[in-house]
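Visitor: Got a predicted structure here, sequence first:
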Amino acid sequence: MVSSKKENPSGIEIVAYDEKWEKAFSLLENVLVNALEDLILCIEHVGSTAVKGLGAKPIIDLDIVIENDQLLPNIIQQLSRLGYIHEGDLGIKGRDAFARQDRFVPWSETGEQWIAHHLYVCSKDNEELKRHLAFRNFLREHPKVAAEYELLKRNLAKNAKTRAAYTEGKSAFVERILRSCDE
């Protein structure tokens, strides 16, 4: 028997779109909005799970949008109470990443286990936020392009040797779409 590592060296699995992703986002959004209240402007569901019909890694990407970076220390403190760990910008200026201490984060009285998710905080004028929203919105409005993107991701997941190679392999496609959004 051939090991799955040889079949998929990147370890990335792209699965068919799941209607549960939208509900999972809504539940997470509700908990976060209640915890952060007036500190935030909104929470955006970004990434492939935010595009109906698009196959993706089953990980929800959330961008918490704040008025300005001066609010970040308060946000870090509140998210810490929910079990999130501030990781800094991870090389993307103005977008702060947060890891989960365990699968129960955000912690709640119910002890719910949450779907895997990536959480970011950025100000409303952040360029990475603008890119996330532009790319998501373009894919939502162009199902044929979304299907093309899914095929690319499936091929990369199967053939890329590392996660970095998978991500790099998507870059040209993403940049092409973002350029078309600017035109």
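Guide: Okay, I see it.

Visitor: so what's Ile66 bridging to?
Guide: Ser123 (DSSP bridges).

Visitor: which is the next helix or strand following the one helix or strand Asp63 maps to?
Guide: Assessed by DSSP states H and E, Asp63 sits inside strand 60-66. Heading C-terminal from strand 60-66, the first helix or strand you meet, by DSSP H and E, is helix 72-81.

Visitor: Any chance you could list what contacts that following helix?
Guide: 35-36, 39-40, 64, 66, 86, 96, 98, 107, 119, 121 (CB atoms under 8 Å, 6 or more residues apart in numbering). Heads up, the C-betas are built off the backbone N, CA and C, glycines and all.

Visitor: which pair in the residues you listed spans the largest distance?
Guide: Greatest spatial distance among the contacts of helix 72-81 (CB to CB): Ile66 and Trp107, at 21.5 Å.

Visitor: So Ser26 lies in a strand, does it not?
Guide: No. Assessed by DSSP: H, G, I helix; E, B strand; the rest coil, Ser26 does not belong to a strand; its assignment is helix.

Visitor: ok, how many other residues are close to it?
Guide: Neighbours of Ser26 under the rule other CB atoms under 10 Å: 11.

Visitor: distance of it from Ile60?
Guide: 10 Å (CB to CB, to the nearest Å).

Visitor: try Asp125
Guide: 24 Å.

Visitor: Neighbour count: the two, which is higher?
Guide: The neighbour comparison of Asp125 against Ile60 (other CB under 10 Å) goes to Ile60, with 25 against 12.
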